[in-house]
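K.L.:
Quick one, structure for this:
(one chain, ligands or ions: 1)
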Amino acid sequence: MTGEKLPRKFGQSTIAVRGGVEPRASGSPIASPLVQSVNFVQDFGTAEGLLYTRYGNTPNEEIVQKRIAMLEGSEDALVLSSGMGATSCAMLALLRPGDHLLSSSWIYGGTRQLFSEEFVSMGIEVSYANPDERRVWRNTIRQNTRAIFIEAPANPTGRVIDIPQLAILAKNQGVALVVDSTLASPINCRPIELGADVVIHSATKYLNGHHDVLCGVVAGTSSYIEEVRRKMMVWGQAPDPFACWLLERGLKTLDVRVKRSNENTMRIAEWLGTRPEISKVHYVGLPEHPDHSLAKKLLDGFGGLMSIELAGGAEAVDRFSRRLRLISYASSLGGVDSLAVEPRFSSHAHMTSEERAATGIPDGFLRLSIGIENFEDIIADIEQALQ
Ligand SMILES: *Cc1c(COP(=O)(O)O)cnc(C)c1O
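P.N.:
As a prediction, the model looks like this:
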């Protein structure tokens, strides 16, 4: 069980700094020691107390598990070796051959591959719902549906899904609602408080935030997390102690990083809206975004991800990207450094140009992940690249 170390009355930033760590005795280090050992001395004649890195029960693993559970407001959480490892084990703990998984069509490319290729070959039925269609969830749920999977906000369009409304449907139907909340982080949204059953993160993104660790998170009830832990152990998806140590350090600044990134992105989105070279700005913080009012209800911040379309189309995006100097052209998101990337060459490369256009990602669409630099410098970089 978690949540006992610091009462929930502490704010998110306090939890991010100290959650899951007991007050330490005089002479103890302030930073958690890195315990880079796979094996630990055991008692004789019992399997009780067997610590092993692959079981996820060694010191650096346990600190981040507790801290993230507190940040998400969940009973328990597990840290895994990647976001994909988290999604795989989270869903394998819910689904058996013959079960049906109903997924949003607005999901990460790797997740789509996992569902459509791996899960289908294991005898799990998978279907995709376009959340824009009215009553789509109610109409596509089946007798054998065991889980609904959504990503919200969705990458790279920032589309938001009405989690509380979907949670009511899921509860009534006895179906688990799983939310990939990577883009929001627990600073901008806590899906479990909104009625979701399971939260997944690619902790590679905001939770760590420094472009130097690959890891993932699953949060939910204690009994469910035990199931996920069993999957993690046998599928070999546990994280390394050093990854957990770095994640713990990254988490300490989660609140300030995410808030700074929220502020920067809002300012940059507003500035971009005034530029004739930009034909469209996709940012859920702007009133013209289709989900702006829903986002205001569900989110505490609009996040650091936005996308732009250039009036000159794909060629103009190519020219613009080559000219960027402060913003690096790189995939991934959610870190302290600002990055730009075209989804057609990264997260959405597996789709055809027409399929992408149908999900709102035409060619000439550039995704920006805004970091924590001074926003004036980011704007200046964009301005010189537009010339
Ligand atoms: C990056 C990402 C993933 C996959 O995470 P990894 O850490 O790269 O395995 C899953 N979902 C979303 C929304 C992501 O952005």
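
K.L.:
can we go C-alpha only for contacts and neighbour counts from here?
P.N.:
Noted.

K.L.:
For whichever strand or helix holds residue 233, which residues meet the burial criterion?
P.N.:
Secondary structure assignment for residue 233, by DSSP states H and E: helix 222-235. By neighbour count, with 16 or more other CA atoms under 10 Å as the criterion, the buried positions of helix 222-235 are 222, 224-226, 228-233.

K.L.:
What is the helix or strand following that helix packed up against?
P.N.:
Of the helices and strands lying after helix 222-235 in sequence (DSSP H and E), the nearest is helix 241-252. Contact partners of helix 241-252 among helices and strands, from 3 or more CA pairs under 8 Å, 6 or more residues apart in numbering; DSSP states H and E: helix 12-18, helix 59-72.

K.L.:
closest point of the stretch 151-300 of the chain to the ligand, which residue?
P.N.:
Distances from the stretch 151-300 of the chain to the ligand, computed as CA to the nearest ligand atom, single out residue 202 as the nearest residue at 4.2 Å.

K.L.:
swap in the chain?
P.N.:
For the chain, CA to the nearest ligand atom, closest residue to the ligand: residue 83, 3.4 Å.

K.L.:
That residue contacts residue 207, doesn't it?
P.N.:
No - because the distance of 11.2 Å does not satisfy CA atoms under 8 Å, residue 83 is recorded as not touching residue 207.

K.L.:
Show me which of those two is the more surrounded one.
P.N.:
Relative neighbour count places residue 207 above the other of residue 83 and residue 207, with 34 against 24, counting by other CA atoms under 10 Å.

K.L.:
which non-adjacent residue is nearest that one?
P.N.:
In space, and not counting its chain neighbours, residue 207 is closest to residue 251: 5.7 Å by CA to CA, 6 or more residues apart in numbering.

K.L.:
Tell me, how many residues neighbour that neighbour?
P.N.:
Around residue 251 there are 27 residues (other CA under 10 Å).

K.L.:
per-residue confidence for it?
P.N.:
At residue 251, the pLDDT value in this model is 98.

K.L.:
and it, what is it in contact with?
P.N.:
The neighbours of residue 251, taking CA atoms under 8 Å, 6 or more residues apart in numbering as the test, are 16-17, 207-209.

K.L.:
Recalculate using a threshold of 10 Å.
P.N.:
Listed by CA atoms under 10 Å, 6 or more residues apart in numbering, the contact partners of residue 251 are 13, 15-19, 64, 67-68, 71, 203, 206-209, 245, 257.

K.L.:
rewinding a little: elements contacting the helix holding residue 233?
P.N.:
Here helix 222-235 is seen to pack against strand 76-80, helix 83-92, strand 216-220 when contacts are counted using 3 or more CA pairs under 10 Å, 6 or more residues apart in numbering; DSSP states H and E.

K.L.:
Can you mark which positions in the second one are buried?
P.N.:
So that's helix 83-92. 83-91.

K.L.:
Quick one: those as a markdown table, columns for distance to residue 327 and pLDDT too.
P.N.:
Converted to a markdown table, the buried residues of helix 83-92 look like this (distance: CA to CA, whole Å; pLDDT from 0 to 100):
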| residue | distance to residue 327 | pLDDT |
| --- | --- | --- |
| 83 | 24 | 98 |
| 84 | 26 | 98 |
| 85 | 29 | 98 |
| 86 | 29 | 98 |
| 87 | 30 | 98 |
| 88 | 32 | 98 |
| 89 | 34 | 98 |
| 90 | 34 | 98 |
| 91 | 35 | 98 |
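
K.L.:
ok, back up a step: joint contacts of residue 83 and residue 207?
P.N.:
In terms of CA under 10 Å, 6+ apart, residue 83 and residue 207 are both contacted by the residues 182, 201, 215-217.

K.L.:
Need those in a markdown table (columns: pLDDT and neighbour count).
P.N.:
Listed next are these as a markdown table, based on pLDDT from 0 to 100; neighbours: other CA atoms under 10 Å:
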| residue | pLDDT | neighbour count |
| --- | --- | --- |
| 182 | 98 | 27 |
| 201 | 98 | 29 |
| 215 | 98 | 27 |
| 216 | 98 | 27 |
| 217 | 98 | 29 |
